[in-house]
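Enquirer: got a structure for you, letters missing:
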(Lines give C-alpha, C1' and ligand atoms only; values in the text may rest on other atoms or scores of the structure.)
Protein backbone atom coordinates (compact mmCIF):
# COMPACT_ATOMS: atom_id res chain seq x y z
CA UNK A 1 0.00 0.00 0.00
CA UNK A 2 0.92 3.62 -0.29
CA UNK A 3 3.66 4.56 2.16
CA UNK A 4 1.65 7.62 3.18
CA UNK A 5 -0.99 5.53 4.89
CA UNK A 6 -0.77 4.99 8.63
CA UNK A 7 -1.20 1.20 8.51
CA UNK A 8 2.05 -0.73 8.68
CA UNK A 9 0.54 -4.17 8.14
CA UNK A 10 0.93 -5.33 4.53
CA UNK A 11 -2.79 -5.33 3.74
CA UNK A 12 -4.60 -4.83 0.47
CA UNK A 13 -7.26 -2.30 1.47
CA UNK A 14 -10.22 -2.64 -0.90
CA UNK A 15 -12.83 -0.89 1.22
CA UNK A 16 -12.36 2.81 0.51
CA UNK A 17 -16.09 3.10 -0.21
CA UNK A 18 -16.71 2.06 3.39
CA UNK A 19 -13.82 3.71 5.20
CA UNK A 20 -10.83 5.16 3.40
CA UNK A 21 -7.34 4.79 4.85
CA UNK A 22 -6.25 8.17 6.16
CA UNK A 23 -2.91 9.33 4.75
CA UNK A 24 -0.19 9.78 7.37
CA UNK A 25 -0.41 13.56 7.10
CA UNK A 26 -4.15 13.52 7.81
CA UNK A 27 -3.72 11.18 10.75
CA UNK A 28 -0.98 13.43 12.14
CA UNK A 29 -3.22 16.51 12.00
CA UNK A 30 -6.07 14.65 13.69
CA UNK A 31 -3.80 13.31 16.44
CA UNK A 32 -2.21 16.70 17.06
CA UNK A 33 -5.55 18.52 17.26
CA UNK A 34 -7.02 15.87 19.53
CA UNK A 35 -4.04 16.15 21.88
CA UNK A 36 -4.27 19.95 21.97
CA UNK A 37 -8.01 19.76 22.59
CA UNK A 38 -7.41 17.39 25.48
CA UNK A 39 -4.68 19.60 26.99
CA UNK A 40 -5.97 23.12 26.37
CA UNK A 41 -9.68 22.69 25.65
CA UNK A 42 -11.81 23.22 22.52
CA UNK A 43 -11.85 27.03 22.63
CA UNK A 44 -8.07 27.34 22.48
CA UNK A 45 -7.94 24.76 19.68
CA UNK A 46 -10.62 26.53 17.65
CA UNK A 47 -8.83 29.86 18.09
CA UNK A 48 -5.58 28.39 16.80
CA UNK A 49 -7.40 26.87 13.79
CA UNK A 50 -9.28 30.07 12.96
CA UNK A 51 -8.14 30.47 9.32
CA UNK A 52 -8.87 26.83 8.53
CA UNK A 53 -12.27 26.76 10.23
CA UNK A 54 -13.44 30.14 8.96
CA UNK A 55 -12.25 30.19 5.36
CA UNK A 56 -9.72 27.49 4.43
CA UNK A 57 -12.00 24.47 4.59
CA UNK A 58 -14.81 26.21 2.72
CA UNK A 59 -12.50 27.47 -0.03
CA UNK A 60 -11.25 23.94 -0.65
CA UNK A 61 -14.77 22.48 -0.54
CA UNK A 62 -15.99 25.13 -2.97
CA UNK A 63 -13.19 24.25 -5.39
CA UNK A 64 -13.94 20.55 -5.02
CA UNK A 65 -17.67 20.95 -5.67
CA UNK A 66 -17.55 23.76 -8.25
CA UNK A 67 -19.52 26.25 -6.14
CA UNK A 68 -18.80 29.45 -4.17
CA UNK A 69 -17.08 28.77 -0.87
CA UNK A 70 -19.79 30.62 1.04
CA UNK A 71 -22.37 28.09 -0.15
CA UNK A 72 -20.61 25.08 1.39
CA UNK A 73 -21.51 23.62 4.78
CA UNK A 74 -20.14 21.13 7.29
CA UNK A 75 -22.06 18.38 9.09
CA UNK A 76 -21.22 15.32 11.16
CA UNK A 77 -22.14 13.23 8.11
CA UNK A 78 -24.04 13.31 4.83
CA UNK A 79 -27.14 11.76 6.40
CA UNK A 80 -27.22 14.42 9.12
CA UNK A 81 -26.90 17.23 6.59
CA UNK A 82 -29.63 15.74 4.41
CA UNK A 83 -31.98 15.31 7.37
CA UNK A 84 -31.38 18.82 8.70
CA UNK A 85 -32.70 20.42 5.50
CA UNK A 86 -35.16 17.88 4.10
CA UNK A 87 -37.03 17.06 7.31
CA UNK A 88 -38.38 20.63 7.66
CA UNK A 89 -39.59 21.14 4.10
CA UNK A 90 -43.13 22.58 4.07
CA UNK A 91 -44.82 19.86 2.00
CA UNK A 92 -48.47 18.85 2.02
CA UNK A 93 -50.86 16.06 0.97
CA UNK A 94 -50.76 17.07 -2.70
CA UNK A 95 -46.98 16.96 -2.99
CA UNK A 96 -44.88 14.10 -4.34
CA UNK A 97 -41.38 12.96 -3.37
CA UNK A 98 -39.24 10.96 -5.78
CA UNK A 99 -36.40 8.71 -4.71
CA UNK A 100 -34.57 5.86 -6.46
CA UNK A 101 -33.80 2.20 -5.70
CA UNK A 102 -30.24 3.29 -4.85
CA UNK A 103 -31.29 5.37 -1.82
CA UNK A 104 -29.43 4.53 1.38
CA UNK A 105 -31.40 3.61 4.47
CA UNK A 106 -30.54 6.76 6.43
CA UNK A 107 -31.75 9.09 3.70
CA UNK A 108 -34.75 6.86 3.07
CA UNK A 109 -35.71 7.05 6.75
CA UNK A 110 -35.73 10.84 6.50
CA UNK A 111 -37.97 10.70 3.42
CA UNK A 112 -40.39 8.27 5.06
CA UNK A 113 -40.60 10.47 8.15
CA UNK A 114 -41.27 13.51 5.95
CA UNK A 115 -43.99 11.61 4.09
CA UNK A 116 -45.63 10.54 7.34
CA UNK A 117 -45.48 14.06 8.80
CA UNK A 118 -46.83 15.90 5.76
CA UNK A 119 -49.04 13.15 4.25
CA UNK A 120 -47.40 13.64 0.86
CA UNK A 121 -46.63 10.66 -1.39
CA UNK A 122 -43.28 8.91 -1.76
CA UNK A 123 -42.59 7.34 -5.16
CA UNK A 124 -39.63 5.30 -6.42
CA UNK A 125 -38.29 6.06 -9.89
CA UNK A 126 -37.99 2.68 -11.65
CA UNK A 127 -34.90 1.25 -13.29
CA UNK A 128 -34.75 0.20 -16.92
CA UNK A 129 -33.97 -3.37 -17.88
CA UNK A 130 -30.29 -2.46 -18.23
CA UNK A 131 -30.23 -1.10 -14.67
CA UNK A 132 -30.12 2.62 -15.51
CA UNK A 133 -32.60 5.09 -14.05
CA UNK A 134 -35.63 5.39 -16.30
CA UNK A 135 -35.42 9.02 -17.42
CA UNK A 136 -38.31 8.49 -19.83
CA UNK A 137 -40.51 7.54 -16.88
CA UNK A 138 -39.41 10.71 -15.11
CA UNK A 139 -40.28 12.87 -18.13
CA UNK A 140 -43.68 11.25 -18.46
CA UNK A 141 -44.64 11.59 -14.79
CA UNK A 142 -43.00 14.90 -13.89
CA UNK A 143 -45.39 17.72 -12.96
CA UNK A 144 -45.53 20.63 -10.54
CA UNK A 145 -46.66 18.37 -7.73
CA UNK A 146 -43.18 16.80 -7.60
CA UNK A 147 -41.68 18.82 -4.75
CA UNK A 148 -38.51 16.87 -3.91
CA UNK A 149 -36.26 14.54 -5.90
CA UNK A 150 -33.48 12.65 -4.10
CA UNK A 151 -30.86 10.86 -6.23
CA UNK A 152 -27.71 8.94 -5.26
CA UNK A 153 -24.78 9.79 -7.55
CA UNK A 154 -22.97 6.45 -7.12
CA UNK A 155 -24.74 3.41 -5.68
CA UNK A 156 -23.06 1.95 -2.61
CA UNK A 157 -24.57 -1.44 -3.49
CA UNK A 158 -22.92 -1.97 -6.86
CA UNK A 159 -21.13 1.20 -8.04
CA UNK A 160 -23.75 2.24 -10.60
CA UNK A 161 -23.21 5.86 -11.69
CA UNK A 162 -26.51 7.67 -12.02
CA UNK A 163 -26.92 10.49 -14.59
CA UNK A 164 -27.28 13.28 -12.03
CA UNK A 165 -26.61 16.05 -14.56
CA UNK A 166 -29.27 14.73 -16.93
CA UNK A 167 -31.73 14.57 -14.04
CA UNK A 168 -30.83 18.15 -13.13
CA UNK A 169 -31.56 19.37 -16.66
CA UNK A 170 -34.88 17.54 -16.61
CA UNK A 171 -35.91 19.12 -13.31
CA UNK A 172 -34.60 22.63 -13.99
CA UNK A 173 -37.86 24.14 -15.37
CA UNK A 174 -39.92 22.71 -12.51
CA UNK A 175 -40.41 23.48 -8.81
CA UNK A 176 -38.86 20.27 -7.50
CA UNK A 177 -36.04 20.68 -5.00
CA UNK A 178 -33.20 18.46 -6.21
CA UNK A 179 -30.97 16.72 -3.62
CA UNK A 180 -27.95 14.59 -4.53
CA UNK A 181 -26.09 12.15 -2.27
CA UNK A 182 -22.46 12.24 -3.44
CA UNK A 183 -21.05 10.19 -0.56
CA UNK A 184 -19.62 7.52 -2.86
CA UNK A 185 -18.61 9.78 -5.74
CA UNK A 186 -16.75 12.73 -4.21
CA UNK A 187 -13.08 11.85 -4.22
CA UNK A 188 -13.28 9.32 -7.05
CA UNK A 189 -15.34 11.13 -9.71
CA UNK A 190 -15.56 14.81 -10.69
CA UNK A 191 -18.49 16.36 -8.83
CA UNK A 192 -19.72 19.78 -9.94
CA UNK A 193 -22.84 20.84 -8.06
CA UNK A 194 -23.36 23.81 -10.37
CA UNK A 195 -23.41 21.57 -13.46
CA UNK A 196 -25.63 19.03 -11.68
CA UNK A 197 -28.12 21.78 -10.92
CA UNK A 198 -29.05 20.57 -7.45
CA UNK A 199 -30.14 22.67 -4.49
CA UNK A 200 -28.53 20.32 -1.96
CA UNK A 201 -25.52 18.03 -2.31
CA UNK A 202 -24.19 16.07 0.65
CA UNK A 203 -21.22 13.74 1.14
CA UNK A 204 -19.13 12.01 3.80
CA UNK A 205 -15.51 12.91 4.40
CA UNK A 206 -14.22 9.46 5.37
CA UNK A 207 -14.69 7.53 2.14
CA UNK A 208 -12.85 8.37 -1.09
CA UNK A 209 -11.48 11.61 0.33
CA UNK A 210 -9.90 9.56 3.15
CA UNK A 211 -10.65 12.06 5.87
CA UNK A 212 -11.61 11.31 9.50
CA UNK A 213 -14.82 9.82 10.82
CA UNK A 214 -17.58 12.09 12.04
CA UNK A 215 -17.52 14.77 9.35
CA UNK A 216 -19.58 15.43 6.25
CA UNK A 217 -20.02 18.40 3.98
CA UNK A 218 -22.00 19.69 1.08
CA UNK A 219 -23.29 22.42 -1.15
CA UNK A 220 -26.42 24.22 0.05
CA UNK A 221 -28.47 26.60 -2.08
CA UNK A 222 -28.89 29.89 -0.17
CA UNK A 223 -32.67 29.56 -0.40
CA UNK A 224 -32.60 26.53 1.91
CA UNK A 225 -31.48 28.57 4.90
CA UNK A 226 -29.15 27.45 7.68
CA UNK A 227 -28.39 23.86 8.55
CA UNK A 228 -29.79 22.52 11.81
CA UNK A 229 -27.23 19.70 11.91
CA UNK A 230 -24.73 19.47 14.73
CA UNK A 231 -21.36 20.82 13.47
CA UNK A 232 -18.32 18.53 13.49
CA UNK A 233 -15.55 19.01 16.02
CA UNK A 234 -12.64 21.27 15.14
CA UNK A 235 -10.12 18.41 15.01
CA UNK A 236 -12.20 16.63 12.35
CA UNK A 237 -12.47 19.83 10.30
CA UNK A 238 -8.71 20.35 10.38
CA UNK A 239 -8.10 16.72 9.38
CA UNK A 240 -10.58 16.96 6.50
CA UNK A 241 -8.84 20.14 5.34
CA UNK A 242 -5.56 18.20 5.21
CA UNK A 243 -7.31 15.35 3.38
CA UNK A 244 -8.47 17.83 0.75
CA UNK A 245 -4.89 19.08 0.39
CA UNK A 246 -3.71 15.49 -0.11
CA UNK A 247 -6.56 14.77 -2.53
CA UNK A 248 -5.56 17.73 -4.72
CA UNK A 249 -1.97 16.49 -4.73
CA UNK A 250 -3.00 12.92 -5.62
CA UNK A 251 -5.48 13.87 -8.35
CA UNK A 252 -2.80 13.26 -10.99
CA UNK A 253 -2.71 9.53 -10.16
CA UNK A 254 -5.73 7.96 -11.86
CA UNK A 255 -6.85 4.46 -10.92
CA UNK A 256 -9.68 3.83 -13.37
CA UNK A 257 -7.68 1.02 -14.98
CA UNK A 258 -7.91 -0.98 -11.74
CA UNK A 259 -11.69 -1.34 -11.90
CA UNK A 260 -11.81 -3.65 -14.97
CA UNK A 261 -9.03 -5.67 -13.37
CA UNK A 262 -11.04 -5.97 -10.16
CA UNK A 263 -14.22 -6.97 -12.01
CA UNK A 264 -12.33 -9.57 -14.00
CA UNK A 265 -10.79 -11.03 -10.84
CA UNK A 266 -14.29 -11.59 -9.45
CA UNK A 267 -16.21 -12.43 -12.60
CA UNK A 268 -14.02 -15.30 -13.75
CA UNK A 269 -14.66 -17.42 -10.64
CA UNK A 270 -17.40 -20.09 -10.74
CA UNK A 271 -20.42 -19.47 -8.53
CA UNK A 272 -19.80 -15.71 -8.31
CA UNK A 273 -22.52 -13.29 -9.40
CA UNK A 274 -21.51 -9.70 -10.10
CA UNK A 275 -23.97 -7.01 -9.04
CA UNK A 276 -23.41 -4.64 -11.93
CA UNK A 277 -26.64 -3.02 -13.16
CA UNK A 278 -26.41 0.09 -15.28
CA UNK A 279 -24.16 1.01 -18.18
CA UNK A 280 -21.62 2.94 -16.10
CA UNK A 281 -19.93 1.88 -12.86
CA UNK A 282 -17.43 3.63 -10.62
CA UNK A 283 -14.78 2.12 -8.33
CA UNK A 284 -17.11 -0.19 -6.37
CA UNK A 285 -17.77 -3.85 -7.16
CA UNK A 286 -20.53 -5.82 -5.45
CA UNK A 287 -20.78 -9.59 -5.72
CA UNK A 288 -22.11 -12.67 -3.98
CA UNK A 289 -21.43 -16.40 -4.18
CA UNK A 290 -24.16 -18.95 -4.78
CA UNK A 291 -23.07 -21.08 -1.80
CA UNK A 292 -20.61 -19.21 0.45
CA UNK A 293 -22.11 -16.41 2.58
CA UNK A 294 -20.64 -12.94 2.33
CA UNK A 295 -19.62 -12.94 5.99
CA UNK A 296 -17.43 -16.03 5.49
CA UNK A 297 -15.84 -14.50 2.40
CA UNK A 298 -15.08 -11.24 4.21
CA UNK A 299 -13.55 -13.00 7.21
CA UNK A 300 -11.55 -15.36 5.02
CA UNK A 301 -10.12 -12.48 3.02
CA UNK A 302 -9.30 -10.58 6.22
CA UNK A 303 -7.25 -13.53 7.47
CA UNK A 304 -5.27 -13.26 4.27
CA UNK A 305 -4.67 -9.52 4.61
CA UNK A 306 -7.36 -8.32 2.19
CA UNK A 307 -9.91 -5.79 3.49
CA UNK A 308 -13.39 -5.73 1.92
CA UNK A 309 -16.84 -5.15 3.40
CA UNK A 310 -20.00 -7.17 3.85
CA UNK A 311 -23.03 -5.31 2.51
CA UNK A 312 -26.41 -6.08 4.04
CA UNK A 313 -29.77 -5.61 2.35
CA UNK A 314 -30.93 -3.08 4.94
CA UNK A 315 -28.35 -0.56 3.69
CA UNK A 316 -30.18 -0.13 0.36
CA UNK A 317 -33.56 -1.78 1.01
CA UNK A 318 -35.16 -0.71 -2.29
CA UNK A 319 -32.36 -1.97 -4.53
CA UNK A 320 -32.91 -5.16 -6.59
CA UNK A 321 -29.60 -6.48 -5.27
CA UNK A 322 -31.13 -6.43 -1.78
CA UNK A 323 -34.04 -8.72 -2.73
CA UNK A 324 -34.83 -11.42 -0.18
CA UNK A 325 -32.44 -9.86 2.32
CA UNK A 326 -29.35 -11.26 0.63
CA UNK A 327 -25.90 -10.11 1.76
CA UNK A 328 -23.07 -9.31 -0.61
CA UNK A 329 -19.37 -8.51 -0.64
CA UNK A 330 -18.25 -5.02 -1.61
CA UNK A 331 -14.76 -4.24 -2.91
CA UNK A 332 -13.60 -0.77 -3.92
CA UNK A 333 -10.39 0.69 -5.34
CA UNK A 334 -8.61 3.99 -4.86
CA UNK A 335 -5.52 5.67 -6.27
CA UNK A 336 -3.30 4.19 -3.54
CA UNK A 337 -4.22 0.69 -4.68
CA UNK A 338 -1.98 -1.12 -7.13
CA UNK A 339 -2.39 -4.01 -9.59
CA UNK A 340 -0.60 -6.16 -6.99
CA UNK A 341 -3.47 -5.49 -4.56
CA UNK A 342 -5.95 -6.81 -7.10
CA UNK A 343 -3.83 -9.88 -7.79
CA UNK A 344 -3.57 -10.56 -4.06
CA UNK A 345 -7.33 -10.22 -3.72
CA UNK A 346 -7.95 -12.62 -6.63
CA UNK A 347 -5.64 -15.27 -5.15
CA UNK A 348 -7.10 -14.88 -1.66
CA UNK A 349 -10.66 -15.10 -2.96
CA UNK A 350 -9.94 -18.36 -4.78
CA UNK A 351 -8.41 -19.78 -1.60
CA UNK A 352 -11.37 -18.72 0.53
CA UNK A 353 -13.89 -20.29 -1.82
CA UNK A 354 -11.92 -23.55 -1.95
CA UNK A 355 -11.74 -23.57 1.85
CA UNK A 356 -15.32 -22.60 2.63
CA UNK A 357 -17.39 -24.39 -0.01
CA UNK A 358 -16.90 -27.93 1.33
CA UNK A 359 -17.74 -26.80 4.87
CA UNK A 360 -20.86 -24.95 3.75
CA UNK A 361 -22.06 -27.89 1.63
CA UNK A 362 -21.45 -30.41 4.41
CA UNK A 363 -23.31 -28.27 6.94
CA UNK A 364 -26.28 -27.86 4.60
CA UNK A 365 -26.84 -31.60 3.89
CA UNK A 366 -28.14 -32.66 7.35
CA UNK A 367 -30.47 -29.67 7.43
CA UNK A 368 -32.02 -30.65 4.11
CA UNK A 369 -32.47 -34.27 5.21
CA UNK A 370 -34.08 -33.17 8.44
CA UNK A 371 -36.51 -30.96 6.55
CA UNK A 372 -37.51 -33.84 4.28
CA UNK A 373 -38.10 -36.08 7.30
CA UNK A 374 -40.35 -33.52 8.96
CA UNK A 375 -42.37 -33.01 5.78
CA UNK A 376 -42.75 -36.77 5.31
CA UNK A 377 -43.98 -37.19 8.85
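Expert: Sure, I can see it. Source: prediction; values computed, not measured.
Enquirer: which stretches of this structure form strands?
Expert: In chain order, the chain shows strands spanning 12-13, 72-75, 96-99, 121-124, 146-152, 177-181, 200-204, 216-220, 272-275, 284-289, 306-307, 309-311, 328-332, with DSSP state E as the criterion.
Enquirer: redo those as CSV? Include distance to residue 41.
Expert: For the C-beta atoms, the positions are set from N, CA and C on the backbone; glycine is no exception. Below are those laid out as CSV (distance: least, C-beta to C-beta, whole Å):
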stretch, distance to residue 41
strand 12-13, 35
strand 72-75, 21
strand 96-99, 43
strand 121-124, 45
strand 146-152, 39
strand 177-181, 35
strand 200-204, 28
strand 216-220, 25
strand 272-275, 48
strand 284-289, 41
strand 306-307, 36
strand 309-311, 37
strand 328-332, 38
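Enquirer: out of these, flag the one nearest residue 39.
Expert: Evaluated over those, closeness to residue 39 peaks at strand 72-75, with 24.2 Å, by C-beta to C-beta.
Enquirer: note down every partner strand of the closest one and its orientation.
Expert: Looking at strand 72-75 with DSSP bridges, its paired strands and their directions are strand 216-220 (antiparallel).
Enquirer: now the angle between strand 200-204 and the partner strand, please.
Expert: With axes from the mean of the first three to the mean of the last three C-alpha atoms, to 10 degrees defining the directions, strand 216-220 sits at 170 degrees from strand 200-204.
Enquirer: hmm, back to that, dump the strands of the chain into CSV; add distance to residue 356 and mean neighbour count as well.
Expert: Conversion of these to CSV gives the following (distance: least, C-beta to C-beta, whole Å; neighbours: other C-beta atoms under 10 Å):
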stretch, distance to residue 356, mean neighbour count
strand 12-13, 19, 23
strand 72-75, 40, 23
strand 96-99, 36, 22
strand 121-124, 35, 14
strand 146-152, 32, 24
strand 177-181, 34, 26
strand 200-204, 32, 28
strand 216-220, 37, 28
strand 272-275, 13, 18
strand 284-289, 9, 26
strand 306-307, 14, 22
strand 309-311, 14, 22
strand 328-332, 12, 26
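Enquirer: beta partners for the residue nearest to residue 193 when sequence neighbours are not counted?
Expert: Counting by C-beta to C-beta, 6 or more residues apart in numbering, the nearest residue to residue 193 once its immediate chain neighbours are dropped is residue 219, at 4.1 Å. Using DSSP bridges, the beta-bridge partners of residue 219 come out as residue 72, residue 201.
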